[in-house]
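A.B. asks: dropping a prediction and its sequence here:
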Amino acid sequence: MIKKILIANRGEIAVRIMRTCREMGIHSVAVYSEADQTARHVVYADEAYLLGPAPANESYLVIDKIIEIAKKSGADAIHPGYGFLAENPIFAQRVEENGLIFIGPKPKTIALLGDKMAARQIMEKANVPIVPGMKEPISSTQEALQFAQEVGFPILLKAAAGGGGKGMRVVRQESEIEEMFLRAQSEAQSAFGDKRIYLEKYLEKPRHIEIQILADRYGNVIHLGERECSIQRRHQKVIEESPSPIVDEALRNKMGQTAVTAAKASGYVNAGTVEFLLDQDNNFYFLEVNTRLQVEHPVTELITGLDLVREQILIAAGEKLSLGQEDIQFHGHAIECRIYAEDPDNEFMPSVGTIFNYREPGGPGVRVDSGFSRGDTVPIYYDPIIAKLITWGQNRDQAISRMKRALDEYVIHGIQTIIPFHRRLFELKDFVTGNLSTHFIQEHFDQSNELERFSEEELQALAALVCAVDYSEKKRASGFISQKPIQNWKMIQRYCQLINR
Ligand code: ADP
């Protein structure tokens with residue numbers, strides 16, 4: 001039996017996990033940084049402990065401290081949420097070594113599937129179709145050129161240790177190979193400490209379709225259908241839905257069965273997601289397995305009626321899956337919008353500050369998973385997601401109408417959010433008719449992003465320049481805070497994100 005869980009995370013996902021704990025009569029333990037002293041997850045938890053200063057590497061990423069707090073508080077288990085330490089096999093290992101339960105897969109499964117090339121090798125052996133490409137890293141641009149000559153341009157350079165769209169570069173012609181290879185390599189090195197790069201054929205306008213799976217430790221594996229996550233910005237999901245407008249029952253069964261095969265081939269236990277790309281002829285290819293709870297899990301919850309966190313906890317406690325594949329029924333349609341504190345009219349710059357007015361939407365078919373309320377401050381240190389807005393309808397049209405209404409009802413004052421962008425997107429005919437691809441945003445919005453055209457060295461020089469301007473302006477302003485330094489600070493933050501600092 002699990003009686004007390006430490007949630008090694010913050011924001012909306014920490015609150016979401018604690019809600020299930022409360023329903024199950026399990027005590028929740030929050031950890032927090034100095035920037036989050038009054039955050040909603042701290043207030044919601046049954047107990048809360050300070051980890052350290054605001055930067056994540058001094059707080060939410062400090063393994064020893066988190067384990068020490070878990071033991072001190074008498075927790076039996078740790079839930080990592082997503083991000084931070086969720087896919088860190090060393091963390092999972094340390095949790096287990098200290099006699100605690102890690103709510104997720106085994107450390108060795110996390111390590112295996114965290115290496116994209118190793119995962120591709122396992123899947124190929126299990127006859128799971130993989131995106132055409134290599135299973136070994138490349139060491140020279142010559143190899144990349146050879147690959148491109150075999151499969152044709154465009155090709156995609158990918159970091160073996162990749163995640164969050166980092167270390168990924170599309171190469172459309174021979175003249176770009178050298179530069180893109182060096183960029184991908186240095187981005188991979190600074191983001192993951194692992195510069196291995198491999199190649200995939202770059203599929204034109206695919207759809208991102210992923211399958212949610214549940215697996216217990218007795219070899220039972222089921223799937224909970226698909227989520228379509230094709231609406232992406234810079235390879236990062238922005239809107240997700242289930243079911244996919246393009247997936248019919250036959251394709252769902254086929255992809256679902258393939259995902260179950262993929263889970264079994266890797267010895268997977270707990271909740272996981274098998275990601276695929278679907279091409280324009282409805283062929284699907286394995287992309288990767290995410291070994292954790294996904295940001296977008298609520299859309300699956302709304303159409304299956306299941307609580308995925310509850311399932312995770314029961315599996316981690318050693319229980320058998322209580323449901324077979326035949327018990328899984330899908331009802332209606334669900335869509336999720338990620339609510340980021342970003343300014344859509346200013347290159348999606350992170351927008352930090354205090355939320356002085358906040359009102360969440362409600363009414364039929366509306367769910368809000370959020371980590372903030374009125375008076376809270378959105379810190380600069382972490383991912384800028386503040387909430388997830390999910391709507392359910394008997395069909396896609398109703399889910400869309402409800403989303404439009406809910407977006408209009410959502411009041412967040414004091415910071416900029418991505419909500420105006422969502423509003424525009426839900427008016428587009430191609431979205432309404434379900435004509436989606438991973439290039440949707442690029443094709444429907446002006447994506448002229450000057451920053452992406454700079455090399456890393458140029459970005460570093462720019463960041464230094466902005467720092468200097470900021471410093472001199474602050475000096476000149478001698479004490480009063482003008483708009484300008486704030487804008488500059490956002491620019492620096494955005495540059496830093498781009499150069500992985
Ligand atoms: P990460 O682990 O960094 O998130 P993924 O491998 O999951 O990277 O891919 C993220 C997104 O990048 C996909 O959803 C898709 O939009 C795009 N992508 C990845 N591989 C390919 C490919 N071979 N062809 C076309 N698009 C791709």
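C.D. replies: Nice, thanks for sending it over.
A.B. asks: ok, and for stretch 421-440, which residues are buried?
C.D. replies: By neighbour count on 16 or more other CB atoms under 10 Å, the buried set for stretch 421-440 is 421-423, 425-426, 431, 436-438, 440. C-beta coordinates here come from the backbone N, C-alpha and C atoms, glycine included.
A.B. asks: what does stretch 74-92 give?
C.D. replies: So, applying 16+ other CB under 10 Å, buried residues of stretch 74-92: 75-89, 91-92.
A.B. asks: what do you get for stretch 339-359?
C.D. replies: Neighbour-count burial for stretch 339-359 [16+ other CB under 10 Å]: 339-344, 347-352, 355, 358.
A.B. asks: can you list the domains in this protein?
C.D. replies: 4-103, 132-201, 207-442, 448-499 (automatic domain parsing).
A.B. asks: weakest of those domains by average pLDDT?
C.D. replies: Of all the domains of the chain, domain 448-499 carries the lowest average pLDDT, namely a mean of 55.
A.B. asks: point me to the residue of the stretch 1-150 of the chain nearest the ligand.
C.D. replies: Val131 (4.4 Å; CB to the nearest ligand atom).
A.B. asks: what number of residues lie near that residue?
C.D. replies: 20 (other CB atoms under 10 Å).
A.B. asks: what about the closest residue to it other than its chain neighbours, how many neighbours?
C.D. replies: Excluding the flanking residues, the one nearest Val131 by CB to CB, 6 or more residues apart in numbering is Tyr285, at 4.3 Å. If you count neighbours by other CB under 10 Å, Tyr285 ends up with 20.
A.B. asks: who touches Tyr285 in this structure?
C.D. replies: 129-132, 203, 276-277, 279 (CB atoms under 8 Å, 6 or more residues apart in numbering).
A.B. asks: do Trp392 as well
C.D. replies: 302-303, 332-334, 365-367, 399, 402.
A.B. asks: farthest-separated two in those?
C.D. replies: Pairwise distances across the contacts of Trp392 (CB to CB) peak at 14.9 Å, for the pair Ile303 and Val366.
A.B. asks: the residue nearest to Val131 looks like it's in a strand, true?
C.D. replies: Yes - counting by DSSP: H, G, I helix; E, B strand; the rest coil, Tyr285 falls inside a strand.
A.B. asks: so it bridges to which residues?
C.D. replies: Leu277 (DSSP bridges).
A.B. asks: please report phi then psi for Arg234.
C.D. replies: phi 50, psi 50 (degrees, to the nearest 10).
A.B. asks: that older thread, tell me which of the contacts of Trp392 is nearest to Thr38?
C.D. replies: Arg367 (24.4 Å).
A.B. asks: which SSE is the closest one in?
C.D. replies: Taking DSSP states H and E as the criterion, Arg367 maps to strand 366-370.
A.B. asks: and for that strand, what are the contacting residues?
C.D. replies: By CB under 8 Å, 6+ apart, strand 366-370 touches 12-13, 15-16, 40, 298, 302, 339, 360-362, 386-392, 402, 406.
A.B. asks: got a list of what the residue nearest to Leu50 when sequence neighbours are not counted touches?
C.D. replies: In this structure, Leu50 finds its nearest non-sequential neighbour in Tyr32, 6.2 Å apart by CB to CB, 6+ apart. Neighbour list for Tyr32: 10, 39, 41-42, 48-51, 59 [criterion: CB under 8 Å, 6+ apart].
A.B. asks: and these, which is closest to Val171?
C.D. replies: Checking those one by one against Val171 (CB to CB), the nearest turns out to be Arg10, at 37.2 Å.
A.B. asks: which ones among the contacts of Tyr32 are found in strands?
C.D. replies: 48-51 (DSSP state E).
A.B. asks: just the buried members of the contacts of strand 366-370?
C.D. replies: 12-13, 15-16, 40, 298, 302, 339, 360-361, 386-392, 402, 406.
A.B. asks: measure Leu113 to Pro107 for me?
C.D. replies: 11 Å (CB to CB, to the nearest Å).
A.B. asks: generate TSV for the domains of the chain, with distance to Glu124 as supplementary columns.
C.D. replies: Converted to TSV, those look like this (distance: least, CB to CB, whole Å):
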stretch	distance to Glu124
domain 4-103	22
domain 132-201	7
domain 207-442	9
domain 448-499	33
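A.B. asks: out of these, which is closest to Ile122?
C.D. replies: When the domains of the chain are ranked by proximity to Ile122 (CB to CB), domain 207-442 comes first, at 5.4 Å.
A.B. asks: tell me how far that closest one lies from the chain's centre.
C.D. replies: 10 Å (CA atoms, centre = their mean, to the nearest Å).
A.B. asks: quickly check: it near the ligand or not.
C.D. replies: Yes - on the criterion CB under 6 Å from any ligand atom, domain 207-442 is in touch with the ligand at 208, 232, 235, 275, 277, 287-288, 438.
A.B. asks: next one: the residue of the stretch 1-150 of the chain closest to the ligand from Gly165, what distance?
C.D. replies: Val131 is 15 Å from Gly165, by CB to CB.
A.B. asks: for the residue nearest the centre of the chain, give me its contacts.
C.D. replies: Taking CA atoms, centre = their mean as the criterion, Val295 is the residue nearest the geometric centre of the chain, at 5.5 Å. Residues near Val295 by CB under 8 Å, 6+ apart: 13, 82, 237, 240, 338, 385, 388.
A.B. asks: on the three-state scheme, Trp392 is what?
C.D. replies: Trp392 - assigned by three-state DSSP - is strand.
A.B. asks: give me every residue that touches the residue lying closest to Pro137 once chain neighbours are set aside.
C.D. replies: Nearest residue to Pro137, sequence neighbours excluded (CB to CB, 6+ apart): Arg196, at 4.0 Å. Applying CB under 8 Å, 6+ apart, we find Arg196 in contact with 117, 137, 159-161, 188.
A.B. asks: cool, Lys3 as well?
C.D. replies: 26-27, 76.
A.B. asks: and if we set it to 6 Å?
C.D. replies: Asp76 (CB atoms under 6 Å, 6 or more residues apart in numbering).
A.B. asks: try the one 4 residues further on
C.D. replies: When contacts are counted by CB under 6 Å, 6+ apart, Ile7 touches 14, 17, 79.
A.B. asks: tell me, which of those make contact with the ligand?
C.D. replies: Answer for those near the ligand: none qualify (CB under 6 Å from any ligand atom).
A.B. asks: can you list the residues of the stretch 1-150 of the chain near the ligand?
C.D. replies: Going by CB under 6 Å from any ligand atom, the residues of the stretch 1-150 of the chain near the ligand are Val131.
A.B. asks: now the helix or strand hosting Ala387 against strand 366-370, angle please.
C.D. replies: Assigning secondary structure by DSSP H and E places Ala387 in strand 385-393. In terms of direction (axes from the mean of the first three to the mean of the last three CA atoms, to 10 degrees), strand 385-393 departs from strand 366-370 by 160 degrees.
A.B. asks: quick one: name whatever helix or strand follows strand 385-393.
C.D. replies: helix 396-409.
A.B. asks: separation between the residue lying closest to Gln329 once chain neighbours are set aside and the ligand?
C.D. replies: Nearest residue to Gln329, sequence neighbours excluded (CB to CB, 6+ apart): Thr304, at 7.2 Å. Thr304 sits 23 Å away from the ligand, taking CB to the nearest ligand atom, to the nearest Å as the criterion.
A.B. asks: please apply the same query to Thr354.
C.D. replies: For Thr354, the distance to the ligand - CB to the nearest ligand atom - is 31 Å.
A.B. asks: where does that residue fall, phi/psi-wise?
C.D. replies: phi -100, psi 140.
A.B. asks: burial check on the nearest residue to it once chain neighbours are set aside, number of neighbours?
C.D. replies: Leaving aside its chain neighbours, Thr354 sits nearest to Thr377 (4.8 Å; criterion: CB to CB, 6+ apart). Close neighbours of Thr377, defined as other CB under 10 Å, add up to 16.
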